[in-house]
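K.L.:
Would you be able to build a 3D model of this:
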Amino acid sequence: MTADGVHPADVHTADRPPLDGLRVIDLTTFLSGPSATQLLGDLGADVIKVESFEGDSSRAIVGPALGGMSAYYLANNRNKRSIAVNLKSARGVEVVQGLIAGADVVVENFRPGVIKRLGIDPGAALAGQPALVWASISGFGQDGPLRDRPAYDMVVQALSGVMSLNGHPGAPAARLGIPAGDVVAGLYAVIGILAALQARQETGRGRLVDVSMLRGQLAMLSYQAVYTYLNGAAPGPQGAGHDSIATYRSFRCADGRELVVTANTPRMWQGLCQALGAGELAADERFSDAVARLRNKEQLWALLGARFATRPAADWVDLLSAASVPVAPVRNVLEALGDARAAGDGSIVEVSNGDTRFENVATPIRFPGTAEVEPGYPPALGADTIGILTGELGLTRPEVESLIADGAVAAPADAPADAPPPVMQQLP
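P.N.:
Below you'll find the predicted structure:
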């Protein structure tokens, strides 16, 4: 309690986003880093995205686009401001160093050593700002034999064994249809940043956070890693099933739709047999317990598959749900997003700049009773250059014009000194 009888926890406004007031300098590109900094922005941090004059490389990914921005970029860069800086210019480097000097967190995903060669030294920054948290995301970590190799999502999926588990037996290895290598690294980076910020509350000191995409994928192996150590052999492609649970798999129904069943317990096994009208399976010695079912899984799958093929998937979902057996239809992405939108629980957000809008998946983290951050439209390249230079660095308009004339920074044409330009305006 304070001297006036107020509990310290009550001093802070309960409905503020949890990272409100935190300044993050985003020196990342493509996906792993931008996904991390977007999450920090979703949680209330002020994220300043530092881009080259060419911009984040994901801006130009071939595929769907809106307002001159690729869907790839739009998906991972909401709730940020953009400043375009030439890091090959000494004055440009000084601008970034000035931004770092006013920051709580820096996130970068250069290959180890590259950012230091550009003139921005994490060690020197931490020495001058002991409270700074500096997160480095790389393919293989800051040390080790692969540290200098470039890495993308599929590279770490391949090296980690993840691709070998995906797909069906007898088929070639298949990459996951989601960018797990990138996104998982981004999530671990945020976890590391939050842990470092918590420690800073006690010590007053920040620290380096080193996140490797490959280590992230290895960690995602979970029980498969321990299975491998104990069995002394690599597991094969998992297909639609599970290594340990025979009744944990997908089945095709009469209408051609697939569903998944996860009957993990004896009660669920009995419920599955009841819902299918297959009481004889529950009494069959071949399937008497989990061990027997796994030993005779091929026979069991054939019998269950024949039952599921007699009715549409929706019928089986209703019957199995009524029997308290975990079940779900296999949705495609369009259907899944439609379901999420229809649920009305905030899983889907509309991101708009007034003239242009799109829908995206919201951060899954909720803080009941806390105001959520309104999703800010991903910034156009350099859209906030002038506002950041005059606001965060306190530069005058002539000083800003000098930086632009020297090629140290770039800004959209006709940008006012006291406000960012229209979001969709491009650099001249």
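K.L.:
rest of the way, CA atoms for contacts and neighbours
P.N.:
Fine.
K.L.:
which residues sit in contact with the residue lying closest to Arg249 once chain neighbours are set aside?
P.N.:
Once flanking residues are discounted, Arg249 sits nearest to Gly241: 4.3 Å by C-alpha to C-alpha, 6 or more residues apart in numbering. If you count contacts by C-alpha atoms under 8 Å, 6 or more residues apart in numbering, Gly241 has them with 248-250.
K.L.:
Helix or strand: which one has Gly241?
P.N.:
Secondary structure here is read from DSSP states H and E; on that basis Gly241 sits in neither a helix nor a strand.
K.L.:
Pull up the per-residue confidence for it.
P.N.:
We note a pLDDT of 94 for Gly241 in this prediction.
K.L.:
Need the pLDDT of the residue nearest the centre of the chain.
P.N.:
Taking C-alpha atoms, centre = their mean, the centroid of the chain lies closest to Val183, which sits 3.6 Å from it. At Val183 the predicted local confidence, pLDDT, stands at 98.
K.L.:
now do Asp355
P.N.:
At Asp355, the pLDDT recorded in the model is 88.
K.L.:
and after the one helix or strand Tyr188 maps to, which helix or strand comes next?
P.N.:
Element membership of Tyr188 [criterion: DSSP H and E] is helix 180-203. Where DSSP H and E defines the elements, the next helix or strand beyond helix 180-203 is strand 208-212.
K.L.:
Can you get me the start-to-end distance on stretch 75-91?
P.N.:
The first and last residues of stretch 75-91 sit 32 Å apart, counting by C-alpha to C-alpha, to the nearest Å.
K.L.:
buried sites along it?
P.N.:
Under the neighbour-count criterion of 16 or more other C-alpha atoms under 10 Å, stretch 75-91 has 75-87, 89, 91 buried.
K.L.:
And for stretch 207-219?
P.N.:
Neighbour-count burial for stretch 207-219 [16+ other C-alpha under 10 Å]: 207-218.
K.L.:
just those residues now: which is nearest Tyr227?
P.N.:
Of all the buried residues of stretch 207-219, Tyr227 sits closest to Leu218, with 13.4 Å by C-alpha to C-alpha.
K.L.:
quick one, what contacts the closest one?
P.N.:
Residues touching Leu218, when contacts are defined by C-alpha under 8 Å, 6+ apart, comprise 160-162.
K.L.:
which SS class is it?
P.N.:
Secondary structure for Leu218, judged by DSSP: H, G, I helix; E, B strand; the rest coil, is helix.
K.L.:
Report pLDDT for it.
P.N.:
Turning to Leu218, the model gives it a pLDDT of 98.
K.L.:
which stretches of the stretch 101-250 of the chain form strands?
P.N.:
Listed from the start of the chain, the stretch 101-250 of the chain has strands (DSSP state E, counting those that start in this stretch) covering 105-108, 133-138, 208-212, 248-252.
K.L.:
Listing partners with orientation, what would you give for the second one?
P.N.:
Looking back up the chat, that one is strand 133-138. Here the strand partners of strand 133-138, with direction, are listed using DSSP bridges: strand 105-108 (parallel), strand 208-212 (parallel).
K.L.:
possible to save these as CSV with distance to Ala313 and mean pLDDT?
P.N.:
What follows is the strands paired with strand 133-138, written out as CSV (distance: least, C-alpha to C-alpha, whole Å; pLDDT from 0 to 100):
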stretch, distance to Ala313, mean pLDDT
strand 105-108, 46, 98
strand 208-212, 41, 98
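K.L.:
Take these and lay them out in a markdown table including distance to Val50.
P.N.:
Formatted as a markdown table, the entries for those read as follows, by distance: least, C-alpha to C-alpha, whole Å:
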| stretch | distance to Val50 |
| --- | --- |
| strand 105-108 | 10 |
| strand 208-212 | 19 |
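K.L.:
Quick one: closest of those strands to Asp26.
P.N.:
Using C-alpha to C-alpha as the criterion, the shortest distance between Asp26 and the strands paired with strand 133-138 is 5.2 Å, found for strand 105-108.
K.L.:
hey, C-alpha coordinates of that closest one in PDB?
P.N.:
Below are the C-alpha coordinates for strand 105-108, written out as PDB (Å, rounded to 0.1, in the frame of the first residue of the first chain):
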ATOM      1  CA  VAL A 105      12.900  -2.800 -27.400                       C
ATOM      2  CA  VAL A 106      14.700  -3.400 -30.700                       C
ATOM      3  CA  VAL A 107      13.800  -6.400 -32.900                       C
ATOM      4  CA  GLU A 108      15.900  -7.400 -35.900                       C
END
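K.L.:
How about residues contacting that strand?
P.N.:
Residues from elsewhere that reach strand 105-108 (C-alpha under 8 Å, 6+ apart): 22-28, 33, 37, 100, 132-137, 193.
K.L.:
mind checking how far the residue nearest to the centre of the chain is from Met154?
P.N.:
For Val183, the distance to Met154 - C-alpha to C-alpha - is 12 Å.
K.L.:
try Val24
P.N.:
With distances taken as C-alpha to C-alpha, Val24 is found 28 Å from Met154.
K.L.:
More neighbours: the two, which one.
P.N.:
Legend: neighbour count by other C-alpha atoms under 10 Å for Val24 and Met154, higher for Val24 (25 against 18).
K.L.:
these two touch, right, that one and Asp104?
P.N.:
Yes. The pair Val24 / Asp104 is scored as a contact, 6.1 Å apart, by C-alpha atoms under 8 Å.
K.L.:
Great, nothing more from me.
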